[in-house]
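> pasting the structure only:
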């Protein structure tokens, strides 16, 4: 299958760490400001929502009837008048602080394993909380004017189905190698297994700095005309930090500088996504730190005043020195590399007849991505008459390798993550990969396998180690090529791997 018959999904997910990251225990206090630049590497769109009709654009449908086609200018401090044409009026573009804060916060949470938003006491999914909430389902109540109610998970944990002989119950993890899966069960080789859905990770978009959008898209009420900032424009911004530990400004420096210059990815530089239109290639930005000032208080003649002192020896720490999650490094640097997706057809899933056309009927690929197979008769079926006959042909690949998906799933031969059972069959052929990092206690190594999957090996599972306990980085150095074997799934739901050798 040639590269032209495939596509790269606009986004992917950086997996969460296996264990919760510990809270900071640092007691030192630092206050100051970091000045940095934001350079657009593709058109940048942050709309000024004070006017939904910023440009005098007329649109009609096929019958010649006028359409309410919306348009917006780039964000500025100007309050636009509704109905006034700003086609030839240019306000100074501004990136609001909330946009920058959201971008930096998301990256910081990814690299440090920080908390995610959860439902608060008022059931608004916007607030962080240390409280643990019970799992529940939203259900429409019969005979009560269509009102919705929360039903606790234990009340609906078992269910009956004409297609299943056994009752289903929730469990701790998803088995890989499934033929078909939903939020609460998966099937494999004609059998159903319970499954508790887990979040795939944090969502990141691929960069498309060379993307050129078609100019002949009809104006409708479902799309919008916008005026973005051109690629190459540079903004200046400031980030203030107050009463934080020394480690946290170092982490912010790494993020606001796009990483350390000595560890940029091969298809770099590191860039981030900001604003709207990310699936279309808009919003790629490169950040660079200009200067850092630290604020400290001094006593003078019975009074107190503060001093802003510049950091004269400004150094950007390396990824590991900043204290970021080692297991996120390879995925993060790959998907944030500005040119990682170069030469790929980046689009939402399409079938061959949709190639090169504006996206319509986005369901077609997903329909073709399902097929039927009767495991009792060992043959394909057209329309499955039971869920255990459903097969998913292709699944979203891991970030590593920047792998594409086929426009025609049936031609994939069922390959991909959905049918890769190399991790679920103990005693299968050895796998090979590279050591990419270690856990915080230096007792386990993270390994990126050649097939794009990830494994972790604890020190006691290194077959050639002379001692039962020790520092894993002294036996499996960072970057070394290793051979591992899959030993099966443990009672805690995690896969068990053994390292049987270092290849180089």
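Happy to help now that I have it. No experiment lies behind these values; they were computed from the predicted model shown.

> How far off centre is stretch 432-447?
21 Å (Cα atoms, centre = their mean, to the nearest Å).

> Next: stretch 54-71.
Using Cα atoms, centre = their mean, the offset of stretch 54-71 from its chain centre is 36 Å.

> contacts for it?
Residues outside stretch 54-71 that contact it (Cβ atoms under 8 Å, 6 or more residues apart in numbering): 48, 52-53, 72-73, 80, 85-87, 218-221, 223-227. (C-beta placed from N, C-alpha, C; glycine too.)

> got it, and stretch 434-441?
19, 22, 320, 325-327, 329-330, 444-448, 456, 472-473, 476-482.

> Could you give me the buried positions within it?
By 16 or more other Cβ atoms under 10 Å, the buried positions in stretch 434-441 come out as 434-439.

> pLDDT averaged over it - what is it?
Summarised as a single mean, pLDDT over stretch 434-441 is 87.

> contacts for stretch 26-36?
So stretch 26-36 is contacted by 236-249, 252-253, 256-257, 287-296, 308 (Cβ under 8 Å, 6+ apart).

> Can I get the buried ones among those residues as something I can paste into ChimeraX?
Here is the ChimeraX command that selects the buried residues among the contacts of stretch 26-36 (16+ other Cβ under 10 Å):
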select :237,239,241,244,247,248,249,252,253,256,257,287,289,292,293
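
> Among the contacts of stretch 26-36, name the ones in strands.
Counting by DSSP state E, the contacts of stretch 26-36 place 236-244, 287-296, 308 in strands.

> so where's the protein uncertain?
Flagging of the chain using pLDDT under 70 yields the residue ranges 1-3, 20-21, 23-24, 116-148, 150-177, 196-197, 411-428, 489-494.

> Give the PyMOL command for selecting the buried subset of the contacts of stretch 54-71.
Buried subset of the contacts of stretch 54-71, written as a PyMOL selection, criterion 16+ other Cβ under 10 Å:
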select buried, resi 48+52+53+72+73+80+86+219+224+226+227
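
> Surely residue 276 and residue 47 touch.
Yes - Residue 276 is within contact range of residue 47, at 6.6 Å (criterion: Cβ atoms under 8 Å).

> State the phi and psi torsions of residue 280.
phi -90, psi 0 (degrees, to the nearest 10).

> helix, strand or coil for the residue nearest to it when sequence neighbours are not counted?
Once flanking residues are discounted, residue 280 sits nearest to residue 213: 6.2 Å by Cβ to Cβ, 6 or more residues apart in numbering. Judged by DSSP: H, G, I helix; E, B strand; the rest coil, the three-state class of residue 213 is coil.

> From here on, call the first residue 29.
Fine by me, first position is 29 from now on; the one you just mentioned is residue 241.

> and residue 322, what does it touch?
Applying Cβ under 8 Å, 6+ apart, we find residue 322 in contact with 58-60, 336-337, 339.

> now stretch 76-96, how far from the centre of its chain.
Offset of stretch 76-96 from its chain centre (Cα atoms, centre = their mean): 34 Å.

> try stretch 484-501
31 Å.

> Over to it now: how far is its first residue from its last?
In stretch 484-501, first residue to last residue: 13 Å (Cα to Cα, to the nearest Å).

> ok, residues contacting it?
Taking Cβ under 8 Å, 6+ apart as the rule, stretch 484-501 contacts 46, 355, 466-467, 470-475, 503-504, 510, 512, 515, 522, 524-529.

> make it 7 Å
Contacts of stretch 484-501 from elsewhere in the structure, counted by Cβ atoms under 7 Å, 6 or more residues apart in numbering, are 466, 470-475, 503-504, 512, 525-529.

> Now list the buried members of those.
Buried subset of the contacts of stretch 484-501 (neighbour count, 16+ other Cβ under 10 Å): 466, 472-475, 503-504, 512, 525-527.

> All the helices of this protein, residue numbers only.
125-140, 275-284, 357-363, 392-396, 500-503 (DSSP state H).

> So for residue 237, which of those helices sits nearest?
Nearest to residue 237 among these is helix 357-363; the distance by Cβ to Cβ comes to 14.0 Å.

> quick one: buried residues of that closest one?
For helix 357-363, by 16+ other Cβ under 10 Å, it's 357-363.

> Which single one of those is nearest to residue 309?
Nearest member of the buried residues of helix 357-363 to residue 309, counting by Cβ to Cβ, is residue 363, at 14.4 Å.

> My understanding was that the closest one contacts residue 230; is that so?
No - if you go by Cβ atoms under 7 Å, residue 363 and residue 230 don't touch, sitting 10.4 Å apart.

> Break this structure down into its structural domains.
As given by automatic domain parsing, the domain ranges for the chain are 31-38+372-443, 459-530.

> Of all the ones you listed, which one is nearest residue 343?
Nearest of the domains of the chain to residue 343, taken as Cβ to Cβ: domain 459-530 at 20.9 Å.

> Strands of the stretch 79-228 of the chain, start to end?
Residue ranges of the strands in the stretch 79-228 of the chain, as given by DSSP state E, counting those that start in this stretch, are 98-100, 164-168, 176-180, 208-209, 213-216, 219-222.

> Just checking: what are the partner strands of the fifth one?
Take DSSP bridges as the rule and strand 213-216 pairs in its sheet with strand 208-209 (antiparallel), strand 219-222 (antiparallel).

> where's the longest one relative to the chain centroid, distance-wise?
Right, the one you point to is strand 219-222. With Cα atoms, centre = their mean, you get 28 Å for strand 219-222.

> cool, and the first one?
Taking Cα atoms, centre = their mean, one finds strand 208-209 lying 22 Å from the centre of the chain it belongs to.

> contacting residues around it?
With contacts defined as Cβ under 7 Å, 6+ apart, strand 208-209 is touched by 202, 214-215, 223, 415, 418-420.

> can you do 6 Å?
When contacts are defined by Cβ atoms under 6 Å, 6 or more residues apart in numbering, strand 208-209 is touched by residues 215, 418-420.

> Can you check these and name whichever has the most neighbours?
When neighbours are counted by other Cβ atoms under 10 Å, residue 215 leads the contacts of strand 208-209 with 24 neighbours.

> For residue 239, the count of nearby residues, please.
Count around residue 239 with other Cβ under 10 Å applied: 15.

> residues contacting it?
The contact partners of residue 239, by Cβ under 6 Å, 6+ apart, come to residue 309.

> how many neighbours does residue 85 have?
For residue 85, the neighbour count with other Cβ under 10 Å is 15.

> Distance-wise, check it relative to residue 255.
Here residue 85 is placed at a distance of 11 Å from residue 255 (Cβ to Cβ, to the nearest Å).

> Emit the ChimeraX select command for whichever of the contacts of residue 322 are buried.
A single ChimeraX command selects the buried members of the contacts of residue 322 (16+ other Cβ under 10 Å):
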select :58,59,60
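
> How about the nearest residue to residue 485 once chain neighbours are set aside: which residues does it bridge to?
For residue 485, ignoring the flanking residues on the chain, the nearest one in space by Cβ to Cβ, 6+ apart is residue 527 at 4.6 Å. Beta-bridge partners recorded for residue 527 (DSSP bridges): residue 490, residue 512.

> my read: residue 527 touches residue 511, true?
No - Residue 527 is not in contact with residue 511 according to Cβ atoms under 6 Å; the separation is 7.2 Å.

> circling back to that earlier point, export the domains of the chain as TSV, with columns for distance to residue 331.
What follows is those, written out as TSV (distance: least, Cβ to Cβ, whole Å):
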stretch	distance to residue 331
domain 31-38+372-443	55
domain 459-530	44
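
> Of those domains, which is nearest residue 344?
That would be domain 459-530 among these, by Cβ to Cβ, at 19.2 Å.

> Count residues in the vicinity of the nearest residue to residue 271 once chain neighbours are set aside, would you?
Closest residue to residue 271 apart from its sequence neighbours, by Cβ to Cβ, 6+ apart: residue 57 at 5.0 Å. Neighbours of residue 57 under the rule other Cβ under 10 Å: 11.
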